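Visitor: Structural data only, the sequence is not supplied:
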């Protein structure tokens, strides 16, 4: 009995090794994509789905727990599970959470050849640069220059920045706010800072949203229609865009620039199933609705959601590396691939001059 | 002496509000806007606060499981929007559907709460918290067909926020507005809230209403009088759930959006704060306390924001407001006067 069992185990192990060897020899491999769940963030989830449809049989898509901060261990185990699969040669993590780096460290210790791309995770940049092959993120701070500049081009004379204390305590958001203030001063625009009730202090986002509904008309009555309104929190965007359609002020960009944030609810975009995910159609519908509301040239965003773009873009970069087309990622090559995936120009900046594998992006805007 | 002390929170907040109104006048913040917003907020949030009354009066305590009622209302709203029913027909249909769904959910919720006597508030909190992830799954997979409600990328499942502008947004707010100079009084919205208050007030004059009050007063005595305590407790929970479902319909039409997924999670807390600020103890609530509490709590929000921003001390406003509201709630909890207090405390 024991002998039979030992024999079966040996045969099983041998066949698994053979299978893995064959997979490697014939060049078939898999790429793991890690995203939040659909209800946590549609962009990344659908981006991964689209990538899986583009490369059938090649993608292993896993989702992180909904309440990531409380189930970090589960998340790490899930990612380590991808690293244990011999067929998986690259892992792309598009999560926007802090605390994933330990999983990457363990994978790299075990399998140093594994290509790991983060787009983004928010751990310590210096540590990340040490362990990942490539780290990507949106250039949050640089947007402190690009957003007021765009707002001025759209005709804004005043720039209103809505935020709340816990958000302003975040380094990136505070830095972007300072950049916006400085840029407005440079461009001769009035910068107005308004603090909303804090959605993290017990009562949830409702008081913040109710405050916005009441305060925006007051501010527009005070500063006029040529005012750009920017809110630092995602739920704010529905109210800001709905009020923009009503009061005709300028909305230069949302906190997370994408046609799928704020616009669908505020404009009640009816997107047929066959057009879902077709950004040319979605952007055209927004443009039509903006024109119907007399808002042409006063609403803007990035044409493709960054969260939707990153999974496919990162996977293409991972394929290039696995197949030996690139050894180290350089900006010019990445720009070409990014344009192919996004359909618009994407600008890259280094996170820090001394780090060669951490890049921040800004996309060209679409003005409706 | 202590009876008088029970009104200290309302007095403190009223004085604070008067001081803020004075400040607003000095800073030339247009008061008609503030009054207008305060009235809208009173009626917009009032029905949700009102929904806490039956459960408080039957002795269950604060309905921290309000998300259950809210989900019933949201489902009614979503079905109406899915069938593209607009205007007053749409809103009435949303109310009717929400009520039916709330009765079903309330029955189950009531049975659950009857099994955990003495620990209802904490159980209700966790029922609310665990119900939301379940409904998140439902929203993400439910076979709704109106493309204006579906995820814009995947095309399946509901968006987190659904616009109501072409359906019945602000239908009550814009019904019979009374314009007095720069002031616009949303009479329709206030009338609807008034009607809800009147119905609840009248309900507590009926036999089942009095039975609920009797159970809240002394459950053992009520049982000896032949009142079916379990049934009446269930009735109170169903009533709270129905009013909560109607409350979210009123809230959504006034806000202009239906908010799904995690949005209802924390909605019980501002409602609880409002009713406690109104002077309700954890053992009894009246309609007058609902109106007073909602008005004080929300007017504080209306006034403190613009005032603090104009004074350039926005962080202080947040801290001060939190101190006031949570302090008052703590006071109400500690005081625990009314019918459950020891005789010496109510003298």
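Guide: Looks like it arrived, so ask away. All values reported here derive from a predicted model rather than from experimental measurement.
Visitor: what's the distance between the residue nearest in space to the middle of chain B and chain A?
Guide: Centroid-nearest residue in chain B: residue B:48, 2.0 Å away (criterion: C-alpha atoms, centre = their mean). Counting by C-beta to the nearest C-beta, to the nearest Å, the separation of residue B:48 from chain A is 10 Å. Every residue, glycine included, has its C-beta placed from N, CA and C.
Visitor: can you give me the strands in chain A?
Guide: Counting by DSSP state E, residue ranges of the strands within chain A are A:30-35, A:59-63, A:88-93, A:115-118, A:134-138, A:158-163, A:190-195, A:227-231, A:300-301, A:346-350, A:358-363, A:366-367.
Visitor: Out of those, flag the one nearest chain B.
Guide: strand A:190-195 (3.0 Å; C-beta to the nearest C-beta).
Visitor: The closest one pairs with which strands, parallel or anti?
Guide: Applying DSSP bridges to the sheet, strand A:190-195 is found paired with strand A:158-163 (parallel).
Visitor: so how far is the strand it pairs with off the chain centroid?
Guide: 23 Å (C-alpha atoms, centre = their mean, to the nearest Å).
Visitor: who's in contact with it?
Guide: Residues outside strand A:158-163 that contact it (C-beta atoms under 8 Å, 6 or more residues apart in numbering or on different chains) are A:148, A:151, A:173, A:177, A:180-181, A:184, A:189-196, A:212, A:219, A:223-224, A:226-233, A:236, A:240.
Visitor: same thing with stretch A:178-194?
Guide: Residues contacting stretch A:178-194 (C-beta under 8 Å, 6+ apart): A:141-145, A:147-149, A:151-152, A:156-163, A:177, A:215, A:219, A:223, A:230, B:309, B:314.
Visitor: Tell me the buried residues in it?
Guide: A:179, A:180, A:181, A:183, A:184, A:187, A:189, A:191, A:192, A:193, A:194 (16 or more other C-beta atoms under 10 Å in any protein chain shown).
Visitor: How about the residues of the stretch 201-347 of chain B by chain A?
Guide: B:255-257, B:261, B:263, B:265-267, B:269-270, B:273, B:301-302, B:305-306, B:308-309, B:314-315, B:317-318, B:321-322, B:326 (C-beta under 8 Å from any C-beta of the partner chain).
Visitor: who are the neighbours in contact with residue A:303?
Guide: A:259, A:279, A:283, A:342, A:343, A:344, A:363, A:364, A:365, A:366.
Visitor: what does residue B:58 give?
Guide: Contacts of residue B:58 (C-beta under 8 Å, 6+ apart): B:212, B:215, B:216, B:232, B:233, B:236, B:237.
Visitor: so residue B:95 touches residue B:249, yeah?
Guide: Yes: look at residue B:95 against residue B:249 with C-beta atoms under 8 Å: they come within range, at 5.5 Å.
Visitor: out of these two, which sits in the busier spot?
Guide: residue B:249 (28 against 21; other C-beta atoms under 10 Å in any protein chain shown).
Visitor: Who are the packing partners of the stretch of helix or strand the more buried one belongs to?
Guide: Using DSSP states H and E, residue B:249 sits in helix B:229-255. Secondary-structure packing of helix B:229-255 (3 or more C-beta pairs under 8 Å, 6 or more residues apart in numbering or on different chains; DSSP states H and E): helix A:206-223, helix B:31-50, helix B:53-57, helix B:66-82, helix B:87-114, helix B:187-203, helix B:207-217, helix B:219-224.
Visitor: Distance to residue B:19 and mean pLDDT for those - can I get that in TSV?
Guide: Shown next, in TSV, are those (distance: least, C-beta to C-beta, whole Å; pLDDT from 0 to 100):
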stretch	distance to residue B:19	mean pLDDT
helix A:206-223	20	92
helix B:31-50	14	92
helix B:53-57	30	95
helix B:66-82	32	97
helix B:87-114	39	96
helix B:187-203	26	96
helix B:207-217	36	94
helix B:219-224	43	92
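Visitor: what's the closest of the ones you listed to residue A:46?
Guide: Nearest to residue A:46 among the helices and strands packed on helix B:229-255 is helix B:66-82 (21.5 Å), distances taken as C-beta to C-beta.
Visitor: elements contacting the closest one?
Guide: Partner elements for helix B:66-82 (3+ C-beta pairs under 8 Å, 6+ apart): helix B:87-114, helix B:120-141, helix B:229-255, strand B:257-259, helix B:268-277.
Visitor: May I see those organised as TSV, with distance to residue B:74 added?
Guide: Below are the helices and strands packed on helix B:66-82 laid out as TSV (distance: least, C-beta to C-beta, whole Å):
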stretch	distance to residue B:74
helix B:87-114	8
helix B:120-141	8
helix B:229-255	6
strand B:257-259	6
helix B:268-277	14
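Visitor: Out of those, the one nearest residue A:169 is which?
Guide: helix B:268-277 (22.2 Å).
Visitor: Which ones among the residues of the stretch 201-347 of chain B next to chain A lie within strands?
Guide: Per DSSP E, strands hold the following members of those: residue B:257.
Visitor: Now a ChimeraX select for only the buried ones of the residues of the stretch 201-347 of chain B next to chain A.
Guide: Burial among those is assessed by 16+ other C-beta under 10 Å; the matching ChimeraX selection reads:
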select /B:255,256,257,261,263,265,266,267,269,270,273,301,302,305,306,308,309,314,317,318,321
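Visitor: which regions of the chain lie under the pLDDT threshold?
Guide: Since no chain was named, I'll use chain A. A:1-27, A:202 (pLDDT under 70).
Visitor: not what I meant, chain B
Guide: B:1-6, B:282-283, B:312-315, B:317, B:320-321, B:324-325, B:328-329, B:332, B:335-347.
Visitor: quick one on the thing from earlier: and the helices and strands packed on helix B:229-255 as a markdown table, adding distance to residue A:117?
Guide: Listed next are these as a markdown table, based on distance: least, C-beta to C-beta, whole Å:
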| stretch | distance to residue A:117 |
| --- | --- |
| helix A:206-223 | 35 |
| helix B:31-50 | 46 |
| helix B:53-57 | 52 |
| helix B:66-82 | 38 |
| helix B:87-114 | 45 |
| helix B:187-203 | 52 |
| helix B:207-217 | 61 |
| helix B:219-224 | 63 |
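Visitor: Tell me which of the strands of chain A sits nearest to residue B:228.
Guide: strand A:59-63 (47.9 Å).
Visitor: gap between that closest one and the chain center?
Guide: With C-alpha atoms, centre = their mean, you get 17 Å for strand A:59-63.
Visitor: Tell me if that strand is near chain B.
Guide: No: contact of strand A:59-63 with chain B (C-beta under 8 Å from any C-beta) is absent, the minimum separation being 11.7 Å.
Visitor: I'd assumed residue A:320 was in contact with residue A:326.
Guide: Yes: under the criterion of C-beta under 8 Å, residue A:326 makes contact with residue A:320 at 4.8 Å.
Visitor: Identify the contacts common to the two.
Guide: Contacts common to residue A:326 and residue A:320, judged by C-beta under 8 Å, 6+ apart, are residue A:333.
Visitor: re the thing from before, who wins for proximity to residue A:85 among the helices and strands packed on helix B:66-82?
Guide: helix B:120-141 (27.1 Å).
Visitor: can you pull the buried residues of that closest one?
Guide: Under 16+ other C-beta under 10 Å, the buried positions of helix B:120-141 are B:120-121, B:123-125, B:127-128, B:131-132, B:135-136, B:139-140.
Visitor: again with stretch B:174-187
Guide: B:184, B:185, B:186, B:187.
Visitor: Of the residues you listed, just say which sits nearest to chain A.
Guide: residue B:184 (12.1 Å).
Visitor: about what we covered before: could you turn the buried ones of the contacts of residue A:303 into a PyMOL selection?
Guide: Of these, the buried ones go into a single PyMOL selection, burial set by 16+ other C-beta under 10 Å:
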select buried, chain A and resi 259+279+283+342+344+363+365+366
